[in-house]
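*Asks:* requesting a structural model of the entry that follows:
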Amino acid sequence: MRRPGLVLVLAALLAHACGDDGDAIVQPAPLPSPTPIPLSEVVVGSRTGPTEITFVAAEPPPGSTITGCGEDASGCSGRVRMRFRLVSASGGPVLDAIGFLHATSKIACYRGSAGPLDLRPGVPSEVVVVFDQPDAGACAMPASITDMKLVLNAPVQTDGRQEWAIRYELRP
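*Replies:* Sure, this is the predicted structure:
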């Protein structure tokens with residue numbers, strides 16, 4: 001059963017509550033501000049290929065400031081070392097795993113590699129990459145490392161590429 005009188009009373013109350021002239025004041029919802037990523041966090045990015053690549057650890061840890069680099073990237077060569085876990089469903093050979101540390105310019109300041117290995121189906125394997133191949137001309141000091149990637153040079157059943165956001169500050 002409808003009650004037209006009740007609907008009119010509710011409408012009058014709502015109109016009165018919205019302001020003296022009956023116009024509602026609509027406040028836009030505040031936009032959420034992005035939560036900053038802690039410097040020590042590694043954020044997973046895009047990937048390709050069938051082999052799953054997971055960042056395990058780094059020395060020094062992400063978020064560190066590395067000092068004593070001199071005027072260019074060559075002064076900090078070999079000072080960052082990382083471990084990655086590889087899992088391949090089908091298994092097979094990997095010719096090498098090459099890691100890159102990119103500055104804010106998206107140019108690789110450092111490169112490191114791990115030699116050949118054989119992945120067994122479904123069995124995790126770990127590789128260690130020492131970033132000891134600098135591009136001294138690409139990164140003047142100070143520099144901020146913001147991205148990294150690991151690329152597996154391998155046949156199609158074991159290839160892969162994984163990217164991450166990461167942070168290191170390099171200082172002269």
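*Asks:* let me see the contact set for residue 163.
*Replies:* Each residue near residue 163 by C-beta atoms under 8 Å, 6 or more residues apart in numbering is listed here: 45-47, 147-149. Placement of C-beta: from N, CA and C, glycine included.
*Asks:* distance of it from residue 45?
*Replies:* 4 Å (C-beta to C-beta, to the nearest Å).
*Asks:* any shared contact partners between those two?
*Replies:* 147, 149.
*Asks:* considering the contacts of residue 163, which possesses the most neighbours?
*Replies:* residue 148 (26 neighbours; other C-beta atoms under 10 Å).
*Asks:* what pLDDT is listed against residue 158?
*Replies:* pLDDT for residue 158: 94.
*Asks:* closest to residue 105 out of the contacts of residue 163?
*Replies:* residue 147 (10.4 Å; C-beta to C-beta).
*Asks:* tell me which element that closest one falls in.
*Replies:* Assigned by DSSP states H and E, residue 147 belongs to strand 143-153.
*Asks:* which residues touch the nearest residue to residue 141 once chain neighbours are set aside?
*Replies:* Computed as C-beta to C-beta, 6 or more residues apart in numbering, the closest residue to residue 141 that is not its neighbour in sequence is residue 172, at 4.4 Å. Counting by C-beta under 8 Å, 6+ apart, residue 172 touches 67-71, 75, 141-142.
*Asks:* one more: residue 93?
*Replies:* Contacts of residue 93 (C-beta under 8 Å, 6+ apart): 116-119, 154-155, 158.
*Asks:* mind running it again at 7 Å?
*Replies:* 116, 118, 154-155, 158 (C-beta atoms under 7 Å, 6 or more residues apart in numbering).
*Asks:* still on that earlier bit, what packs against the strand holding residue 147?
*Replies:* Strand 143-153 sits against strand 96-103, strand 160-170, with contacts defined as 3 or more C-beta pairs under 7 Å, 6 or more residues apart in numbering; DSSP states H and E.
*Asks:* pipe those strands into TSV and attach distance to residue 59 per row.
*Replies:* TSV is the format used below for these (distance: least, C-beta to C-beta, whole Å):
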stretch	distance to residue 59
strand 96-103	14
strand 160-170	12
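*Asks:* and those strands: which comes nearest residue 132?
*Replies:* Nearest of the helices and strands packed on strand 143-153 to residue 132, taken as C-beta to C-beta: strand 96-103 at 10.4 Å.
*Asks:* ok, residues contacting the following helix or strand past the closest one?
*Replies:* Downstream of strand 96-103, the next assigned helix or strand under DSSP H and E is strand 108-114. Residues from elsewhere that reach strand 108-114 (C-beta under 7 Å, 6+ apart): 73, 80, 96-103, 127-135, 138-139, 143, 145.
*Asks:* strand 108-114 pairs with which strands, parallel or anti?
*Replies:* strand 96-103 (antiparallel), strand 133-134 (antiparallel) (DSSP bridges).
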